[in-house]
Structure formats: structure tokens, C-alpha cells
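here is my input, please return the structure:
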Amino acid sequence: MRWALVRVCLAIAAMVVVAFAVPLGLVIKEMARDRAFSNAEREAAAVAPALSITTDRDQLDKVVASAGADSGMAVHIPAGDGKAAVDIGRQRAADKDIATVRKLGRASTTEVPGGSVLLQPVALSSGEISVVEVYVPEAEVSNGVGTAWAVLAGVGIALIVGSVAVADRLGVRMVQPAQRLVEGAHELGEGKLGARVPEEGPTELRLAAVAFNSMADQVVQLLANERELAADLSHRLRTPLTVLRLNAASLGEGPAAEQTRTAVAQLEKEVDTIIRTAREAKPQTVAAGPGAGCDAAEVVRERMRFWSALAEDEGRKVRVAGVERPVRIPVARADLVAALDALLGNVFRHTPEGTAFAVDVHNSEDAVIVLVSDAGSGIRDPEAAMARGRGSGSAGSTGLGLDIVRRLAEATGGDVRIGSSVLGGTEVRIWIQLDGREPERNGHRGAVRRRRRGRLVSTFNRSRSLP
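Have a look, this model is predicted:
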């Protein structure tokens, strides 16, 4: 925008300079010519009184010499009264031009080699017409024209440079507020809720900045209201959870009772985490700082111990792979626990008893794959299942569990894919990016990363099988 304004001002200034400088230059040239011929007329007029008195050659030579233009002036007196024609000085004009001026009795100019001549008729005492010829060199006609044109060119260039400088300053004054508005919009889009724009610049941009800041304040207020609503709704679960915990405490001893009490305790912990997170308004997905995050292998082993007991009760075959060594990921432990519980809970909720399932973890240089697969009937519409609030379409499914998993993966620069597993059912693949960069979808680096991801997934799929 800034350079476009500069180019427009440059074009306008150039047109204005040309429109005024060219005619003015022609006027200056014409004025120099008129000045030169005016001087020639004065020189011719200085000889006219002498010609009206005498035609004596010697006296006329003195008059021509006193006029100061003896080298460029000539006098042509016609023959008459028994006297021969007299020519004083060097003749440059053609005889026919002299004869024409004598006949018409009117001054004229004509071109000659090296310049021009002024032919001025003068009446003699005898009634004859003599002609005074004054030579005007080309250098005298163009005297001062080059300097004047140079001055005009300098003034024109100065005007153009000045207009460009002024346009550049005006462009900066207009572009900088627009750039700050764009940067503020990008920051707000990236989740930086404190992004605001200075309310300065032209009236339109200032009004746009006011509107943007007002919108940002409303977004912050809406998010605060949403967090308060989430905290309030979560707090309402405390009463039924208290009743559930008291009932679980009265179940007595045994594996089933212990599992129920553990699940209730875990549920209370998750509700407390939701309330605390909503109140503090701090993102809990990606752990910050070097060395932060959790060991994905340890979390998978821990959650599989919990779910294996229930799987044994339902006759489900379970397989876990890739958790023998530590696998560090930039994800908070509580978030990974919530994501795994959501996926494994979906397996138990939406597949019949006896359906096998597996959890695999694979670690590479720049990513970690966590794969949860089952031998159920699969998901008919994976895109609908990933849409928040829609779920798989089955009874009791809201889609919030998969949304939790998706947000966890995308917070690291990864993604979530749903497909068909080697077990014959659903496969949910969580791609966790270790360097935290956004996936590159275009360009050479993006293509290299996609090829690397494809090879990694292919190798991972070939290595998976039920024991």
C-alpha cells in the first residue's frame, strides 16, 4: 500500500512537471529568439536616420561602424538618379529576399547558414527603398536557453523528489496503523488475548482500531464467561459425586469395590482439575519449559493397568506395545491421561463385550504416535466423529472425547486421524509433534515431512499384530 501510494504520487508529479515544464521551455526559447531579433532591429534603426540624409559610402561606413555591428550588418542601396547601387558590408541574404523586402516595404527574417538575418527596409531621400541587413547568429538566438532549461529540469526533479518524499511520509502514516491492525488480528487469532491496537492514524484506521479493541475486549469477556460457566457446571457435579463416593465406600472389600472407589476418586480429581483450570484461565495442554511434559510410556502402562481389570471382566483381549522405554512428549500428564481415558472409554462404551483392543506407542526423531485400535464394527463417518458435539452418531456419544484428543495433538503441531485398524475395527492415531511446530502442508519441507510421516506410519502399521 505504501509503495503503491508513492508510485501514484510519482506519476502525478511527473505529469504535472511535464505539463508545465515543456510549454515553459518553449516559451523561454521563443523569448530568447525575440530578444535577439529585437537587438537586431535596434541596430538597424540606428542606421536608418543616416540613410534618410545621405547615401555617401564613406559616411555610411562610419555609421555602420559606430553601430557596433560592422561584422554582421550590411546596407543595400539601389541604383537611382544616375548613381550605381551601393552595398556596404557582407551580404548573407539572397538577392531575391532583398528584392522582395524592397518591393513590399516590410521587414522580414530569413534563414542563412549559421543563423538568420533581419532585412529592414529604409526610405531614402530620393524615394528609393534601401535595405539594412542585420545578421543574427544561431548562438545569439539560443543564448541562455540551455541554462534556463537546466534550471527548469532541476526544479522539476526537485518537485518530483519532494512529492515522493511527502507521499512516502503520508504512506507511512497510513500504512503503519494498518500493519499494526493486521498484526493485532494475527495475534488475537493465535490466542494472544492481550493484543490491542493503538488508536491512531487516519480517521478510518483509527475507527477500525477502536472497533478491533472493542471486539478483543468482548472476546476476552466472552471467554471469561465461558470459563465461569464451565467451572459452575463442573461444580454442580460435586453433590452427586459425594453421594457416589459414599455409596462406593459402603461396598465393602473386593476387586470390583476397589475399582469403583478408584474410579470415583479419579472422577473427583478430574472435576477439581476442570474447576481449577477454568478459574485460573491457563492452558493446560502443552507443558512449558525445557524438560516439561510427561513420559507417554509410563502413562500408557498406568492407564492400561486400570482398564485391563475391566477388560478381563468383559473377556476382552488386550495388547500394549512400545512402552518398554521412556517416551518423552511435550504434553501435560493430566491431559494425556484424559485423552487415553476418553479413547479407551469409547472402546468399552461403543463395542460389545469380548471385543479386543490394543494401544501402541512409537517414537521417532520428531514425533510420537499413540495408536488406539479395536476389533469392533468401526465408525461409519470419521469426519462426523471428529466434529465437536456430534460424536459417532451412536447413543450417548457427544464427540467431546475425540475433541479432547484432537486439541491435545494440535497443540503440539500434530493431528488426529481415524481409520480402519488391523484388528478390523476403528483405529485412532494421535500424532504428537515433538518440536512443537505447526505441520507444513506446502513447499519442499512440508513434502519432506509428509513423506517421512508416511514412511513412519507404514512401518508402524506393518509392525503391529495381535499376539
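
tell me which residues touch residue 145, please.
Counting by C-beta atoms under 8 Å, 6 or more residues apart in numbering, residue 145 makes contact with 28-29, 32. Using the backbone N, CA and C atoms, a C-beta is placed for each residue, glycine as well.

what does the model give it for pLDDT?
We note a pLDDT of 80 for residue 145 in this prediction.

tell me which of the contacts of residue 145 is nearest to residue 92?
Nearest to residue 92 among those is residue 32, at 20.8 Å by C-beta to C-beta.

please name the nearest non-neighbouring residue to the closest one.
In space, and not counting its chain neighbours, residue 32 is closest to residue 145: 5.0 Å by C-beta to C-beta, 6 or more residues apart in numbering.

likewise for residue 97?
Closest to residue 97 by C-beta to C-beta, 6+ apart is residue 110, at 5.0 Å.

now do the buried residues in the helix or strand hosting the one you found.
Residue 110 is located in strand 108-112, with elements delineated by DSSP states H and E. Under the neighbour-count criterion of 16 or more other C-beta atoms under 10 Å, strand 108-112 has 109-110, 112 buried.

just name the closest of those to residue 44, please.
For the buried residues of strand 108-112, the nearest to residue 44 is residue 109 (11.5 Å; C-beta to C-beta).

am I right that that closest one is in contact with residue 120?
No. Here residue 109 does not reach residue 120: they are 9.9 Å apart, not a contact under C-beta atoms under 8 Å.

so what's the residue count around residue 226?
12 (other C-beta atoms under 10 Å).

in a helix, it, correct?
Yes. The assignment for residue 226 by DSSP: H, G, I helix; E, B strand; the rest coil puts it in a helix.

pLDDT at it, what is it?
78.

stretch 181-195 - what's its average pLDDT?
84.

from the chain's centre, how far out does that stretch sit?
Using C-alpha atoms, centre = their mean, to the nearest Å, the mean C-alpha position of stretch 181-195 is found 16 Å from that of the whole chain.

mind listing what's buried along it?
For stretch 181-195, using 16+ other C-beta under 10 Å, the buried residues are 181, 184, 187-188, 195.

now, which of those lie within helices?
Judged by DSSP state H, the subset of these located in helices is 181, 184, 187-188.

beta partners of the residue nearest to residue 97?
residue 117 (DSSP bridges).

which residues does it contact?
93-94, 97, 116-117, 119.

what mean pLDDT does stretch 32-45 get?
Here stretch 32-45 scores 82 as its mean pLDDT.

with just CA atoms, put it into CSV.
Presented in CSV, the C-alpha positions along stretch 32-45 are these (Å, rounded to 0.1, in the frame of the first residue of the first chain):
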residue,chain,number,x,y,z
ALA,A,32,15.4,34.3,-26.5
ARG,A,33,14.7,34.5,-30.2
ASP,A,34,12.6,37.6,-29.8
ARG,A,35,15.3,39.2,-27.7
ALA,A,36,17.9,38.5,-30.4
PHE,A,37,15.8,40.0,-33.2
SER,A,38,14.8,42.9,-31.1
ASN,A,39,18.5,43.8,-30.7
ALA,A,40,18.9,43.4,-34.5
GLU,A,41,16.0,45.8,-35.1
ARG,A,42,17.6,48.4,-32.8
GLU,A,43,20.9,48.1,-34.7
ALA,A,44,19.0,48.5,-38.0
ALA,A,45,17.1,51.5,-36.6
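
which parts of it are buried?
32-33, 36-37, 40, 43-44.

now, those that are in helices?
32-33, 36-37, 40, 43-44.

which one of those residues sits closest to residue 403?
Looking across these and measuring by C-beta to C-beta, the closest to residue 403 is residue 32, at 85.8 Å.

tell me the contacts of the closest one?
Going by C-beta under 8 Å, 6+ apart, the list of residues near residue 32 reads 141-145.

shouldn't residue 355 be in contact with residue 375?
Yes. Counting by C-beta under 8 Å, residue 355 does reach residue 375; the two are 5.3 Å apart.

tell me, what's touching the two both at once?
With C-beta under 8 Å, 6+ apart as the test, residue 355 and residue 375 both reach residue 425.

buried residues, stretch 203-216. List them.
Buried residues in stretch 203-216, counted by 16+ other C-beta under 10 Å: 205, 208-209, 212-213, 216.

any idea how far the closest residue to residue 94 other than its chain neighbours lies from residue 149?
Nearest residue to residue 94 in three dimensions, chain neighbours excluded: residue 110, at 7.5 Å (C-beta to C-beta, 6+ apart). Distance of residue 110 to residue 149, computed by C-beta to C-beta, to the nearest Å: 27 Å.

swap in residue 203?
Using C-beta to C-beta, residue 203 is found at 44 Å from residue 149.

same deal with residue 335?
With C-beta to C-beta as the criterion, residue 335 and residue 149 are 78 Å apart.

more neighbours: these two, which one.
The residue with more neighbours, out of residue 335 and residue 149, is residue 335; 23 against 15, by other C-beta under 10 Å.

doesn't residue 408 make contact with the more buried one?
Yes. Look at residue 335 against residue 408 with C-beta under 8 Å: they come within range, at 5.4 Å.

now the strands for the stretch 101-250 of the chain?
Along the stretch 101-250 of the chain, the segments classed as strands by DSSP state E, counting those that start in this stretch run 108-112, 115-123, 129-137.

wait, I meant the stretch 301-450 of the chain
Assigned by DSSP E, counting those that start in this stretch, the strands in the stretch 301-450 of the chain fall at 318-321, 328-329, 357-363, 367-374, 415-420, 426-433.

what packs against the shortest one?
Spelled out, that is strand 328-329. strand 294-295 (3 or more C-beta pairs under 8 Å, 6 or more residues apart in numbering; DSSP states H and E).

partner strands of the strand it packs on, with direction?
Strand pairing (DSSP bridges) places strand 294-295 next to strand 328-329 (antiparallel).

residues in contact with the partner strand?
With C-beta under 8 Å, 6+ apart as the test, strand 328-329 has contacts from 293-296, 336, 368, 412, 432, 434.
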